[in-house]
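With the sequence up front, the predicted model follows.
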Amino acid sequence: MELSIDRLTKHYGHKIAVDCVSATLGPGVYGLLGANGAGKTTLMRMLCAILEPTAGEVRFDGREVSAMGEAYRDVLGYLPQDFGYYPTYTAAEFLSYIAALKGIPRDRAGRRVRELLETLDLTAVADRKIKTFSGGMKQRVGVAQALLNDPKVLILDEPTAGLDPKERVRLRNLLSEYAGDRIVLLSTHIVSDVEAIADRVFVMNAGRFIMYGTVPELAEQVRGKVWELTVPREQARFWQERCTVANYRHEGEQVVLRIIADAKPADGAAACDPILDDAYLYHFGKEA
């Protein structure tokens, strides 16, 4: 099973949203990181054949997805950043409705809806109207509708938005298990979610992939650019204005800063082992 992206490009007038990106995805979890406006959502909409590219193509197992039509939608699950729902439907009614739209036979749809309500911890609220749900509960309904047809390709745009830490861990575990023989691509601003489950990570900026690799490979790219510096508390603002500060913690009257910089920022700074957060902040410090 393979999803291939070949020189995919999208223009809006003179603006280039996605700029000639290529990649090949097999079974596993792929993370897509980037600041707002990097082109992530536009890319995902083209991968779902919702948006027509200006140039390039997307192929699933060698077939161009826009030409596959219904056959591609049968193997695709998609959660947009703001998924539409009927607020007066209950969770069970809404999922049953989406199952009908996807052409899932009624007997199988009933079983699948019950399974997903349980998997996403929604059974207790299955008969409540969605308009009464919290943001996190609505998001779990969105994930459930994307999983209804047991898709081979699952594309999720900001799936952990609105979820509390416990719900995020539950969803991450679900996606990691689900991706054993399927392709899962998720976009998120929460680097720790990608770091926890992604087999490979794409980092996108200005419509292009600027980095790609495993989490350790990407972190290694900023080795020698991550520093720890201890300063008096009153100097913390000076360093925050001057450098990209990934983290700081108080130790008595001192503050320990984790600084992302090409060169050693001060004589007392010590080099640190990098993590994915550091690689992300190196490229997107101001936007982040």
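Perfect, thanks for sending it. Residues are numbered from 1 along each chain as shown.

Provide a list of residues in contact with D164.
By Cβ atoms under 8 Å, 6 or more residues apart in numbering, D164 lies in contact with G136. In short, each C-beta sits where N, CA and C put it, glycine included.

what's it sitting at in phi/psi?
phi -80, psi 170 (degrees, to the nearest 10).

got it, and A35?
According to degrees, to the nearest 10, A35 has phi -70, psi 170.

mind checking the SS state of R108?
Secondary structure state of R108, per DSSP: H, G, I helix; E, B strand; the rest coil, is helix.

so D19 touches A206, yeah?
Yes - between D19 and A206 there is a contact under Cβ atoms under 8 Å: 7.0 Å.

Identify the contacts common to the two.
G39.

Neighbouring strands - and their directions - for the helix or strand hosting R249?
For R249, the enclosing helix or strand under DSSP states H and E is strand 244-251. Partners of strand 244-251 in the sheet, by DSSP bridges, are strand 254-260 (antiparallel).

If we go by neighbour counts, what in the partner strand is buried?
Residues of strand 254-260 classed as buried by neighbour count (16 or more other Cβ atoms under 10 Å): V255, L257, R258, I259, I260.

can you tell me the average pLDDT over it?
The predicted model gives strand 254-260 an average pLDDT of 96.

Over to stretch 6-26?
In the prediction, stretch 6-26 has an average pLDDT of 96.

So for the nearest residue to Q81 once chain neighbours are set aside, what's the pLDDT?
Distances taken as Cβ to Cβ, 6 or more residues apart in numbering place D157 nearest to Q81, at 4.4 Å, with adjacent residues excluded. Looking at D157, its pLDDT reads 94.

Quick check: bridge partners of D157?
S187.

distance of it from I210?
Per Cβ to Cβ, to the nearest Å, D157 is found 20 Å from I210.

Next: A49.
Taken as Cβ to Cβ, the span from A49 to I210 is 25 Å.
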